[in-house]
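Participant: give me the fold of what follows.
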Amino acid sequence: MADRPVILADGRALQAQRHEVTIAEWNACHDQGGCTLALRTRPDQDPATTPATGLSHVDVQEYIAWINDVTGGGFRLPTAPEWDAMAASVLPEHADPLFTGPSLTWASSYLTEGLAPRALKPQGSFSTSPEGIADLDGSVWEWTQDCYAGASQGIDPARCPAFFVGGEHLAAMSYLIRDPARGGCAVGTPPAHLGMRLVRDAN
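Facilitator: Next up, the predicted model:
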């Protein structure tokens with residue numbers, strides 16, 4: 001876990017993993033029968049330091065069930081506001097739109113998004129927050145537990161069609177998508193990679 005908890009606006013303390021779940025950690029779940037998907041590494045990748053990517057929201061739920069069964073740790077995905085709070089110190093402020101006309105919103109998005117690197121790099125390759133959380137500004141977009149349709153609409157999370165992911169910009173992905181380049185994106189330009197970082201409520 002990171003060095004210090006994140007203190008949220010409502011006063012709650014949230015512990016977060018220092019790094020995203022790695023390929024080696026993911027494959028431990030697979031080897032023990034908890035995760036259906038097995039991940040492979042390229043020859044130039046170290047599974048112990050390479051983030052696990054190509055994960056759907058369904059895949060992630062398997063890992064969470066397994067890790068909590070093994071550790072009893074109370075791990076979960078962050079909410080979208082919690083992820084934003086974790087990343088606030090390392091992500092730049094949203095750029096002012098270049099075009100204010102509603103019909104040209106797409107142009108502003110096209111020119112102000114896509115600034116983050118898209119190559120998958122080892123953990124620790126990007127910024128670290130004051131709490132010790134690394135790579136929130138990297139190329140891996142991280143699943144959250146918040147349904148794109150919104151809990152206020154009374155949708156059961158188990159039946160949610162798309163979830164928000166934390167990254168360079170606001171994005172929402174279908175719960176079944178593993179490759180965002182192929183599956184598209186409900187909001188914003190497609191993320192480069194889909195992965196996960198777990199949190200738990202601090203005692």
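
Participant: tally of neighbours for the residue nearest to Ile133 when sequence neighbours are not counted?
Facilitator: The spatially closest residue to Ile133, leaving aside those adjacent along the chain, is Ala2, at 4.6 Å (CB to CB, 6 or more residues apart in numbering). Every C-beta, even on glycine, is put in place using the N, C-alpha and C of the backbone. The tally of other residues near Ala2 (other CB atoms under 10 Å) stands at 21.

Participant: just say helix, strand or coil for Ala2.
Facilitator: Classification of Ala2 using DSSP: H, G, I helix; E, B strand; the rest coil returns coil.

Participant: residues in contact with it?
Facilitator: Gln15, Ala16, Gln17, Arg18, Ser129, Glu131, Gly132, Ile133 (CB atoms under 8 Å, 6 or more residues apart in numbering).

Participant: Val90 too?
Facilitator: Contacts of Val90 (CB under 8 Å, 6+ apart): Phe126, Ser127, Thr128, Ser129, Leu136, Asp137.

Participant: for it, give its distance to Gly138.
Facilitator: 10 Å (CB to CB, to the nearest Å).

Participant: give me the common contacts of those two.
Facilitator: By CB under 8 Å, 6+ apart, the residues touching both Val90 and Gly138 are Phe126.
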